[in-house]
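Undergrad: Sequence isn't available, so here's the structure alone:
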C-alpha cells in the first residue's frame, strides 16, 4: 500500500509523544505512543486496555440470559445490534423461531440506533477536525432518536430491549408515529448536513486522499464495516450473511473505492440514508402478532459451537458461544469491529503527519470499550 | 447454491489427508449437520476433520480440524484464496487437558466463513504465530496469550494487550482464581 507521499529529509532525531490516555481525539481512554520525526509519525504503538472489564469471563459465570445486559455495554453506541447478536446466537443454538413482528421491530430499532451512532461519529469527527457547529446539529437530531427509544425501552443508550425469542415489550402507536415523523424530518436535515460539511473546502483538504486504507490491508487485519466499504468492497453482514428480515428488505450497500478518510465519511453518510429507507419499509410492512416466542424458562442450548454476526454501526460484531448443554455458557467470545479496525492503525499511520493521523483515526469511528471489552 | 466452494473443501482434505482422528473433541462436534458432499469420504465414527456446515445453523460454512503444526499451512491456503482474518480465540477444556484454538476466516465477497480448529495440550500450550501471514493476528494472539497463557512462538510482540502489564494469572482459564486484593484484607 502507498503511504502518504510527503516525506521528511531532516536528521534522524526523534521524540516520543503520548497521545492519550486522556485526549479528546481518541474518544475515550486510549493511549497511542507516537515516535515522531518532527511533524511526521515514525512509529505508532497502541496501548489499550484501560477500560477492560472482562466481559467474556462474565459470560461464563452467569446464566445465558443474565449476560444480555452486558452486551449493550460493549459498544455503548450500538447496543441494539450487539444485543441482537447475542440473542441471535442463542436462538440459533436452541432453534428458536422468532415471531416476524419481533424481527421487524428489531430491524427498526437497530437502524434507528445506527443513525444515532453515525450522528455521534459525524459530530465528533468534525469536532476533531476543528468544526464545532456540526456536533450541535447532530446531537439535535440524535436527541429525537434517543427520546423515541427511551419511550420504548426505558434506556437512552444501553438498551436491553431484545430477549431470547423476541422482545421485552411490543411497540405502541406513539413510537410508530414518532418514527415516521422522524424519518420525514431527518431526510432534509441529512441534505443540509451535506451542504454544510461535505462540500466544505477546508474539510475536503483534510480528508481527501489522506489515510489510505485499501481493501488488501482490511483483509489482512480483519477490518470491517465502513472501513471495507470505504475501500470499494460491498461487504455488509446484512447481505453477506443474511440475518433477521434483512433479506426481504430493499436497500443498497454504499461503497466508495477511494479508500481514504473521505470515502469512509461518504459511506457513513449514505448509510444513514439507507437506514431511513429500511425503517420506512419496516414500518409499512410491520405485521401483527406476538413479539415473543415460546422459550424455556431455563435456557440450555444443545452442545456445540455457534456463531452469529450482525452489522453494527462500526462493522461486523460477532458472538461465538460454546455450549456444553448447561444453563451457563462454556465460552462466550465477542468479536468486536473496533478491535480489527484499530489494529491496522499502527501500520497505516506510519509516515503520516500528526494532524493527518488524527483525521484518519477519527474516520475509524472508534469506541474504546468496544476494543477493550 | 453452496456458500462453501467445493474446491476449498477438497483442498483442505488434500492438504490434511491422513489425520489421526482419535483425539477430536467429545462435545462440540455434534452440533453441525453433515452435508451430502461428504458422502464420498469413508465415514469414520467421529466427524470428518473437514466438513461443510450449514451457515444458518452454526454461523460458518466450513469446519476444519487440523494438527497444531498444520495451522500455518491452513492459514496460507486461506490467505491465497483471498480470505480475511476474522478472529482467533481459544476454548479451555480442562477435562480433556486441552486448549482448543479456533481460527475464523471470512471472505468479503462471497460471505463464506471458515473455522479452523486445533487442539494443544494444556500443560504445554505452544503454537506457531500467524502474525507474519495475517498482521491482524498479532493482536488476537496477544489477547489469547494473556487470557489463556498460550505461547505463540515467533510472535513479534508478545506483551499484554488488554490486561495490566503486571497482571499475574490467566483469567479465562477455567481454574483461574483471582488474587486477593491486599487492600481489602483485614
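TA: Yes, it's here. Keep in mind the model is a prediction, meaning the values are calculated, not measured. Residues are numbered from 1 along each chain as shown, chains lettered A, B, ... in the order given.

Undergrad: which parts of the lowest-mean-pLDDT helix or strand in chain B are buried?
TA: When each helix and strand of chain B is scored by mean pLDDT, DSSP states H and E, helix B:6-15 comes last, with a mean of 71. For helix B:6-15, the buried set under the neighbour-count rule, 16 or more other CB atoms under 10 Å in any protein chain shown, comprises B:8-9, B:11-13. C-beta here means a position set from N, CA and C on the backbone, and glycine is covered the same way.

Undergrad: What helices and strands are in contact with it?
TA: Packed against helix B:6-15 by the contact rule (3 or more CB pairs under 8 Å, 6 or more residues apart in numbering or on different chains; DSSP states H and E) you find strand B:50-52, strand B:62-65, helix B:71-80.

Undergrad: and the angle for that helix with helix B:71-80?
TA: Orientation note: helix B:6-15 sits at an angle of 160 degrees relative to helix B:71-80 (axes from the mean of the first three to the mean of the last three CA atoms, to 10 degrees).

Undergrad: Which residues does helix B:6-15 contact?
TA: Helix B:6-15 has contacts (CB atoms under 8 Å, 6 or more residues apart in numbering or on different chains) with B:37, B:41, B:50-52, B:62, B:64, B:70, B:73-74, B:77, B:81, B:112, B:114.

Undergrad: so which of these would you say is closest to residue A:311?
TA: The shortest approach to residue A:311 among the contacts of helix B:6-15 belongs to residue B:112, at 16.6 Å (CB to CB).

Undergrad: where exactly do the helices run in the stretch 151-300 of chain A?
TA: In the stretch 151-300 of chain A, the segments counted as helices under DSSP state H, counting those that start in this stretch are A:173-193, A:201-207, A:215-221, A:226-229, A:237-240, A:261-285.

Undergrad: repeat for chain B
TA: Along chain B, counting by DSSP state H, helices occupy B:6-15, B:55-58, B:71-80, B:137-148.

Undergrad: what's in contact with the third one?
TA: Read it as helix B:71-80. Judged by CB under 8 Å, 6+ apart, the contacts made with helix B:71-80 from elsewhere in the structure are B:11-12, B:15-16, B:64, B:66, B:101, B:103, B:105, B:114, B:116, B:118, B:127-128, B:130, B:133-134.

Undergrad: By average pLDDT, which secondary structure element in chain A comes out worst?
TA: Lowest-scoring helix/strand for chain A, mean pLDDT, DSSP H and E: strand A:22-23, at a mean of 78.

Undergrad: Relative to it, what are the paired strands and their orientations?
TA: In the sheet containing strand A:22-23, the strands it pairs with under DSSP bridges are strand A:28-29 (antiparallel).

Undergrad: Rounded mean pLDDT for the partner strand, please.
TA: Looking at strand A:28-29 alone, the average pLDDT works out to 82.

Undergrad: how far out from the middle of the chain is it?
TA: From the chain centre to the centre of strand A:28-29 is a distance of 16 Å (CA atoms, centre = their mean, to the nearest Å).

Undergrad: and the nearest residue to residue A:279 once chain neighbours are set aside, what is it in contact with?
TA: Computed as CB to CB, 6 or more residues apart in numbering or on different chains, the closest residue to residue A:279 that is not its neighbour in sequence is residue A:111, at 5.1 Å. Applying CB under 8 Å, 6+ apart, one finds that residue A:111 lies in contact with A:275-276, A:278-279, A:282.

Undergrad: Mind putting those into a markdown table with neighbour count?
TA: A markdown table is the format used below for those (neighbours: other CB atoms under 10 Å in any protein chain shown):
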| residue | neighbour count |
| --- | --- |
| A:275 | 24 |
| A:276 | 20 |
| A:278 | 21 |
| A:279 | 24 |
| A:282 | 22 |
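
Undergrad: ok, those vs residue A:238, which is closest?
TA: Checking those against residue A:238 with CB to CB, the nearest one is residue A:278 at 8.9 Å.

Undergrad: That closest one contacts residue A:107, correct?
TA: Yes - taking contacts as CB atoms under 8 Å, residue A:278 lies within contact range of residue A:107: 6.5 Å.

Undergrad: which residues do these two both contact?
TA: With CB under 8 Å, 6+ apart applied, the overlap between the contact sets of residue A:278 and residue A:107 consists of residue A:249.

Undergrad: Show me the one of the helices of chain B that comes nearest residue B:176.
TA: Of all the helices of chain B, helix B:137-148 sits nearest to residue B:176, with 9.2 Å by CB to CB.

Undergrad: avg pLDDT for that closest one?
TA: 91.

Undergrad: swap in stretch A:191-208?
TA: Across stretch A:191-208, the average pLDDT comes to 86.

Undergrad: what about that stretch, distance to the chain center?
TA: The mean C-alpha position of stretch A:191-208 is separated from the chain mean by 22 Å, CA atoms, centre = their mean.

Undergrad: and residue 54, how many neighbours does it have?
TA: Looking at chain A here, since you left the chain open. The number of residues packed near residue A:54 is 15, by other CB atoms under 10 Å in any protein chain shown.

Undergrad: try again with chain B
TA: Using other CB under 10 Å, residue B:54 is surrounded by 15 other residues.

Undergrad: so how far is stretch A:150-163 off the chain centroid?
TA: 17 Å.

Undergrad: ok so, going back, got JSON lines for the helices and strands packed on helix B:6-15, with mean pLDDT and mean neighbour count too?
TA: Compiled in JSON lines, the helices and strands packed on helix B:6-15 are given as follows (pLDDT from 0 to 100; neighbours: other CB atoms under 10 Å in any protein chain shown):
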{"stretch": "strand B:50-52", "mean pLDDT": "76", "mean neighbour count": "23"}
{"stretch": "strand B:62-65", "mean pLDDT": "83", "mean neighbour count": "25"}
{"stretch": "helix B:71-80", "mean pLDDT": "86", "mean neighbour count": "18"}
